[in-house]
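Visitor: Any chance you can model this:
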Amino acid sequence: MNATEFKQLLLPLNARLYKVAFLLLGNEDDAKDVVQDAYLKLWNQREKLNNLDNPQAFCTTLVRNMCIDRHRAASLAVVDKPPEELPIAGDDNASRHIEQQQTAQLLNHCLARLPAQQQQVVRMRDLAGCSMQEIEKATGLTTVNARVVLSRARKSLRELFQSTLSS
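Guide: Alright, predicted model coming up:
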């Protein structure tokens with residue numbers, strides 16, 4: 001595949017790939033980085049891309065997998081702040097804000113313990129507000145399977161959250 005073919009075939013997918021990355025990562029900068037890295041990877045492998053049946057599906061899967069890899073790397077790099085760096089609560093609003101932050105951190109920690117597919121579906125549905133059809137397209141699951149994965153993920157999150165709070 002030469003540069004002209006690459007531009008004509010793969011560059012028009014940029015908006016779709018960005019949307020998938022943003023839905024999975026929830027961060028504009030990270031999504032742009034993943035899409036850029038994906039295009040770099042595609043460019044370096046362009047000779048092998050001549051016989052793609054469905055370039056859009058191939059590129060979407062590549063971006064999805066790169067997002068999952070980024071989530072895994074981030075969950076391994078989670079470092080808690082030492083107590084001296086935590087803000088001091090001066091009033092009720094500050095206390096409530098700290099409590100919300102701690103709850104969000106705990107939920108993120110519990111979410112990171114779920115299997116990658118469950119994490120992806122929960123992030124897309126509950127955090128990004130995606131429809132089941134969008135989840136179906138991004139994950140390759142059927143709508144019924146996506147609903148089952150979402151239900152199991154939510155149940156696991158509740159159980160993990162409750163067990164963490166009680167311990």
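Visitor: burial count for Val148?
Guide: Val148 is flanked by 13 other residues according to other Cβ atoms under 10 Å. The way it works is simple: take the backbone N, C-alpha and C, and place the C-beta from them, glycine included.
Visitor: got the CA positions of the helix or strand hosting it in CSV?
Guide: Assigning secondary structure by DSSP states H and E places Val148 in helix 143-166. Provided in CSV are the C-alpha atoms of helix 143-166 (Å, rounded to 0.1, in the frame of the first residue of the first chain):
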residue,chain,number,x,y,z
THR,A,143,-26.9,-6.4,21.9
VAL,A,144,-28.1,-9.3,24.0
ASN,A,145,-24.5,-10.3,24.9
ALA,A,146,-23.6,-6.7,25.7
ARG,A,147,-26.6,-6.5,28.1
VAL,A,148,-25.5,-9.7,29.8
VAL,A,149,-21.9,-8.5,30.1
LEU,A,150,-23.1,-5.1,31.5
SER,A,151,-25.4,-6.8,34.0
ARG,A,152,-22.7,-9.1,35.2
ALA,A,153,-20.2,-6.2,35.4
ARG,A,154,-22.6,-4.1,37.5
LYS,A,155,-23.2,-7.0,39.8
SER,A,156,-19.5,-7.7,40.2
LEU,A,157,-18.9,-3.9,40.8
ARG,A,158,-21.5,-3.9,43.6
GLU,A,159,-20.0,-6.9,45.2
LEU,A,160,-16.4,-5.7,45.0
PHE,A,161,-17.5,-2.2,46.3
GLN,A,162,-19.4,-3.7,49.2
SER,A,163,-16.6,-6.1,50.1
THR,A,164,-14.0,-3.4,49.9
LEU,A,165,-16.1,-1.1,52.2
SER,A,166,-16.7,-3.8,54.7
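Visitor: What are the buried residues along it?
Guide: Neighbour-count burial for helix 143-166, counted by 16 or more other Cβ atoms under 10 Å, picks out 146-147, 149-150, 153-154, 156-157, 160-161.
Visitor: quick one: average pLDDT of that helix?
Guide: Across helix 143-166, the average pLDDT comes to 89.
Visitor: mind putting the buried residues of helix 143-166 in a markdown table, distance to Cys59 included?
Guide: Formatted as a markdown table, the buried residues of helix 143-166 follow (distance: Cβ to Cβ, whole Å):
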| residue | distance to Cys59 |
| --- | --- |
| Ala146 | 21 |
| Arg147 | 26 |
| Val149 | 23 |
| Leu150 | 25 |
| Ala153 | 26 |
| Arg154 | 30 |
| Ser156 | 31 |
| Leu157 | 30 |
| Leu160 | 33 |
| Phe161 | 35 |
